[in-house]
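Trainee: Got a sequence here, can you build the structure:
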Amino acid sequence: MSYILSKIIGKDIFFAYPYFYSIEPSSVCNLRCPQCPSGRGELTRKKGFLQMEDFDLILKKISPYALHINFYLQGEPFLNSLLIKMIKKSSKQGIFTSTSTNAQVISLEMAREIVKSGLNHLIVSIDGATQSSYEKYRVGGDLQKALQAIENINKAKKELNKTFPKIEMQTLIFSHNENEIEEIKRLAKQLNVDKQTFKTAQIYHYEEGNELMPQKEEFSRY
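Mentor: Residues are numbered from 1 along each chain as shown. Prediction:
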């Protein structure tokens, strides 16, 4: 409504500040995914981790308006040792928190701290039903570590009698895993995740084709 009025009057009018914020804890990643700017080594900005003093400044400014903070962008969020503290501070402000991970570093001990932090929503990337399929995109990744991380979170939730974070198992569809969907569904059921999603993948330099592009049109953006 404020946008429409601004267009009509020719003057900036706003009724509210944004309620959804995306904060990047890390621009560093431990994998080399070929269609990710970080994994491809194409990030031109400085790599590093968000520091607590900068986060505190951001949180102070947005907390009166924020309903949801997404803690991820290009890097692997849990490589930042301060992430769990950032989530905890946000949760104490009553803000819904979410993040997405390749889950290579989530031990049982870390899982307990994640659950204690108050994180609401955790997306775990599982892009294959077997190691050979999984590592074609998650280069340098270990499928068993990712699956174990989900088990660790569920175990920690049970130990601490918590229902959060809700776990979403997310799969990007490529040519090498488009025929594994039923197997991946079975994995999700075995792991007792709260939600399962299949997503089309963003492909760079797709105009002349790319070996990662699925053959089935319903799984491809292009």
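Trainee: so residue 122 sits in a helix?
Mentor: No: the assignment for residue 122, made by DSSP: H, G, I helix; E, B strand; the rest coil, is strand rather than a helix.
Trainee: quick one: contacts for the closest residue to it other than its chain neighbours?
Mentor: Spatial nearest neighbour of residue 122, chain neighbours left out: residue 165 (4.1 Å); criterion: CB to CB, 6 or more residues apart in numbering. The way it works is simple: take the backbone N, C-alpha and C, and place the C-beta from them, glycine included. By CB atoms under 8 Å, 6 or more residues apart in numbering, the contact list for residue 165 reads 98, 114, 115, 119, 120, 121, 122, 153.
Trainee: Columns distance to residue 78 and neighbour count on top of the residues you listed, output as CSV?
Mentor: CSV is the format used below for the contacts of residue 165 (distance: CB to CB, whole Å; neighbours: other CB atoms under 10 Å):
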residue, distance to residue 78, neighbour count
98, 13, 19
114, 8, 26
115, 14, 24
119, 11, 25
120, 16, 19
121, 15, 18
122, 10, 26
153, 12, 27
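Trainee: Adding distance to residue 43 and pLDDT as columns, could you present the residues you listed in JSON lines?
Mentor: JSON lines is the format used below for the contacts of residue 165 (distance: CB to CB, whole Å; pLDDT from 0 to 100):
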{"residue": "98", "distance to residue 43": "22", "pLDDT": "98"}
{"residue": "114", "distance to residue 43": "26", "pLDDT": "98"}
{"residue": "115", "distance to residue 43": "31", "pLDDT": "98"}
{"residue": "119", "distance to residue 43": "26", "pLDDT": "98"}
{"residue": "120", "distance to residue 43": "28", "pLDDT": "98"}
{"residue": "121", "distance to residue 43": "25", "pLDDT": "98"}
{"residue": "122", "distance to residue 43": "24", "pLDDT": "98"}
{"residue": "153", "distance to residue 43": "28", "pLDDT": "98"}
